[in-house]
Each structure stands twice: as structure tokens, then as C-alpha cells.
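sequence first, then the predicted structure, then my questions.
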Amino acid sequence: MVNRMILNQTSYFGRGALDQLVPELHRRGFKKVLIITDKGVRQAGTVDLVTKRLDEADFAYEIFDDVVPNPPVENVKAGVQALKDSGADVLIGLGGGSPQDTAKAIGIIGANPEFSDVLSLEGVADTKNPSVPIIGIPTTAGTASETTINYVITDTEKHRKFVCVDEHDIPVLAIVDPDLMDGMPRSLKVATGLDALTHAIEGYITPGAWELSDAVHLKAIQMIAKNLRKAADGDTDAVEQMGYASYIAGMGYSNVGLGLVHGMAHPLGGRYDAPHGVANGILLPAVMKFNAEYTGEKYRDIAHAFGMKDSYDVALEDARTYAVDAVKQLVEDLGNPTTISAVGVDESGLDALAEDAFNDVCTPGNPRKATKEDIRALYASLL
């Protein structure tokens with residue numbers, strides 16, 4: 001079996017890493033930046049941290065700050081027009097997953113205009129050209145879009161989110177500077193942290209996993225188990241570790257895929273506008289339990305990461321139970337919702353959710369094959 005790994009050309013990590021932005025822009029010969037972000041990031045003053053450095057270097061830039069959560073097709077099209085109007089030759093995706101995913105779609109269409117409808121990018125699109133160069137600068141510790149070949153866009157007409165997988169979209173440069181993450185509100189630290197944990201666990205147990213992806217995913221699980229609670233409560237060292245853990249998980253899942261948690265979370269975002277990390281947190285314990293008997297010995301590792309010191313000595317069933325219960329307890333301790341009714345779902349919505357989740361591109365990566373009836377039952381159990 002041949003396994004493929006696609007990673008960033010260059011990444012910088014650590015407090016103060018943003019200082020590497022301008023030298024890298026010059027080194028790569030870029031002339032003008034289009035910053036893709038949202039109004040929340042701008043109001044928080046984070047955009048100013050970037051533009052201050054660009055101004056000091058007299059480096060040309062424009063800002064597109066109209067990105068919204070669960071970015072729709074219309075958002076992407078507006079951004080593509082902004083790119084054309086600006087004449088920029090490099091994009092900066094600045095923010096959480098929404099700005100970075102939007103930057104990827106804009107960059108891909110900028111280099112492959114035949115996909116300007118956006119919808120045709122779904123799945124593994126046959127793009128010919130590498131994206132307009134993208135620099136990923138995350139302000140949250142969850143999505144890891146700065147190091148993946150994936151992005152997610154919302155089809156508002158059909159009330160669904162769709163996943164795009166394209167090796168041409170990976171950022172040429174990532175800057176993971178925890179100074180940009182400290183100011184996240186607690187709710188965002190929780191949601192993005194649970195997203196990172198879901199990436200790590202799903203990437204660890206997917207059938208496509210192999211030795212190298214296992215190494216990064218298990219390390220990410222260990223780091224998140226140790227740091228997420230503390231990061232949510234404002235510990236800056238823990239916030240820094242969560243930023244790195246998110247990136248590390250992204251290195252893996254970008255190459256081996258995800259599973260049913262993401263398959264079920266995307267419809268909650270598309271139909272109910274549920275924040276992605278919140279949806280993952282609701283679903284993760286239930287889907288872990290559903291998958292438990294199809295994961296070999298790997299729940300022993302997860303249990304150990306969450307504090308079960310004798311996880312390699314006890315019965316496998318006990319280790320699996322501990323792993324599921326530990327993740328469930330973490331979700332509860334963090335104050336994340338634990339039911340889908342909390343994001344607006346009732347019984348009448350289950351059939352449509354199950355249909356969308358069954359057809360989601362992430363669902364086939366689950367270790368246990370799920371029927372549409374299985375998925376509906378899982379949703380129903382979380383009402």
C-alpha cells in the first residue's frame with residue numbers, strides 16, 4: 001500500500017512568529033496582499049497586527065473582511081471579485097476556519113476560473129493549476145486549515161455544507177502565532193478545541209490511518225487532553241499548546257481523512273447554522289461509542305492520553321468505555337452543548353440530516369460503516 005503525505009512548504013510556530021510575515025513576502029517575490037478575514041477578527045484588532053507590519057514595510061495590501069461563519073458560495077464569489085479588483089498576487093487567510101477556507105476557495109478559483117460556480121469544487125475537483133499563493137495565519141486553535149488540503153463551503157440554496165479536497169489549495173506558508181489566539185472568547189476556545197480533538201480522534205481511527213498519521217494524531221490527542229480545559233480557562237501556555245496541537249492534527253487528517261462525526265456535523269452547520277466545533281462536541285462521544293468495537297486497540301491509547309494509567313492492562317472493553325466516557329466528561333466540563341436540540345433540531349429534521357450525513361464525503365472514512373438508519377438513530381439519541 002502506498003501512503004501519501006502533503007504538508008506545507010514552510011511553517012513558523014511560536015509567540016512572535018508573525019514577525020516572519022514580511023520577510024517571507026519579500027523572499028517569495030510577492031507584490032500585493034489581499035487579506036481574507038471577518039469583521040470579528042478585524043474588530044478584535046488582529047487585522048491591525050498584520051497591517052501594522054505591512055505598513056511599516058510599505059507593502060501594498062487590501063482587505064476583504066466580509067467572510068461569515070459557515071461561509072456560503074456567495075461569500076466566495078464576492079471574494080473572487082475582490083481578488084480580481086485588487087490585483088493581489090498573494091492571499092492571507094487570517095482568522096479561524098471560515099476565513100481560511102474562504103481564502104482557499106478564492107485562491108483556487110483565481111487560478112482555475114472554470115470553477116467560478118464554486119459548487120463544482122465539491123469533492124476532489126479536477127483543478128489544473130495551484131491556487132493563487134495562500135498564507136494561512138490562524139487565530140483559533142481548531143480547524144488547522146493552514147496545513148490541510150481541505151476546505152468547507154455552504155450551499156445556501158440546498159442548506160448543506162460541502163467539503164472540497166484539493167492538493168492545489170494547501171497554503172505555501174503557515175504562521176502559527178499563539179499571540180493571536182490568546183484573545184479568543186472562552187466559547188470559541190471550547191468549540192475550536194473540540195474540533196481539533198475530533199480531527200485527532202477521527203484521523204487516528206479511520207481505516208486509512210498508518211504509522212506516520214498515527215504518530216501525529218496520537219500526539220495531538222495527548223496534547224489536547226492535557227491542555228484544553230486549561231486553555232478554555234485562559235491559561236496562555238495551554239492556549240499555545242492547543243495552537244500547536246491543532247496544526248499537528250491537521251498534518252494527519254488532511255492526508256488520511258475523517259469520519260462520521262464530521263459527516264454528521266456538516267448537516268448541522270448547513271441546515272441549522274450550528275458552529276462546527278460545537279456540533280463536533282455534541283456528536284463525538286456518541287459516535288466514538290458507535291465505533292468502539294471497530295477500532296482495534298486504539299482506544300487504549302486514547303484512554304491512556306486521558307489519564308487511564310492501566311489502559312494497556314485492563315480488558316479492552318473497559319479501556320474503550322473509559323475513552324468514550326473521558327471524552328464525554330470533557331465535553332460536559334467545558335460547557336459545550338450535549339444535545340442537537342440545543343442547536344435547533346427536533347424530530348422533524350432527522351430524516352433530512354441523516355440523508356445529508358450519509359452522503360457526506362467524510363462519512364466513508366468511518367471505521368464502522370453506517371447505514372442511513374444508523375445515522376438517524378444516532379441523531380435521535382442526541383435530541
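Ah, there it is.

residue nearest the centroid of the chain?
Most central in the chain under Cα atoms, centre = their mean is Thr143, positioned 2.4 Å from the mean C-alpha point.

going along the chain, name the helices of the stretch 251-383 of the chain.
Here the stretch 251-383 of the chain has its helices, by DSSP state H, counting those that start in this stretch, at 260-272, 276-291, 298-305, 316-334, 350-359, 372-381.

which one, of those, ends up nearest to Asp58?
helix 276-291 (37.9 Å; Cβ to Cβ). For glycine as for every other residue, the C-beta is placed from the backbone atoms N, C-alpha and C.

what angle sits between the closest one and helix 260-272?
140 degrees (axes from the mean of the first three to the mean of the last three Cα atoms, to 10 degrees).

quick one: distance of helix 276-291 to the chain centre.
15 Å (Cα atoms, centre = their mean, to the nearest Å).

quick check: the closest residue to Ile36 other than its chain neighbours vs Thr37, distance?
In space, and not counting its chain neighbours, Ile36 is closest to Ala103: 4.1 Å by Cβ to Cβ, 6 or more residues apart in numbering. Separation of Ala103 from Thr37 (Cβ to Cβ, to the nearest Å): 9 Å.

okay, those two: which has more neighbours?
Each of Ala103 and Thr37 has its neighbours counted (other Cβ atoms under 10 Å); Ala103 has more, 36 against 27.

hey, what's in contact with both of Ala103 and Thr37?
Here Ala103 and Thr37 share the contacting residues Gly93, scored by Cβ atoms under 8 Å, 6 or more residues apart in numbering.

so for stretch 348-368, what gets flagged as buried?
Neighbour counts over stretch 348-368 (16 or more other Cβ atoms under 10 Å) mark 349-350, 353-354, 356-358, 360-368 as buried.

still on that earlier bit, what's the nearest residue to the residue nearest to the centre of the chain if we skip its chain neighbours?
In space, Thr143 is closest to Gly97, 3.2 Å off (Cβ to Cβ, 6+ apart).

next: Phe30.
Closest to Phe30 by Cβ to Cβ, 6+ apart is Val90, at 4.3 Å.

my read: that neighbour touches Arg27, true?
No. The criterion here is Cβ atoms under 8 Å, and Val90 misses it with Arg27 at 11.9 Å.

which residues in this structure form strands?
Ranges of strands within the chain are 10-13, 32-38, 60-67, 90-95, 134-138, 150-155, 160-165, 173-176, based on DSSP state E.
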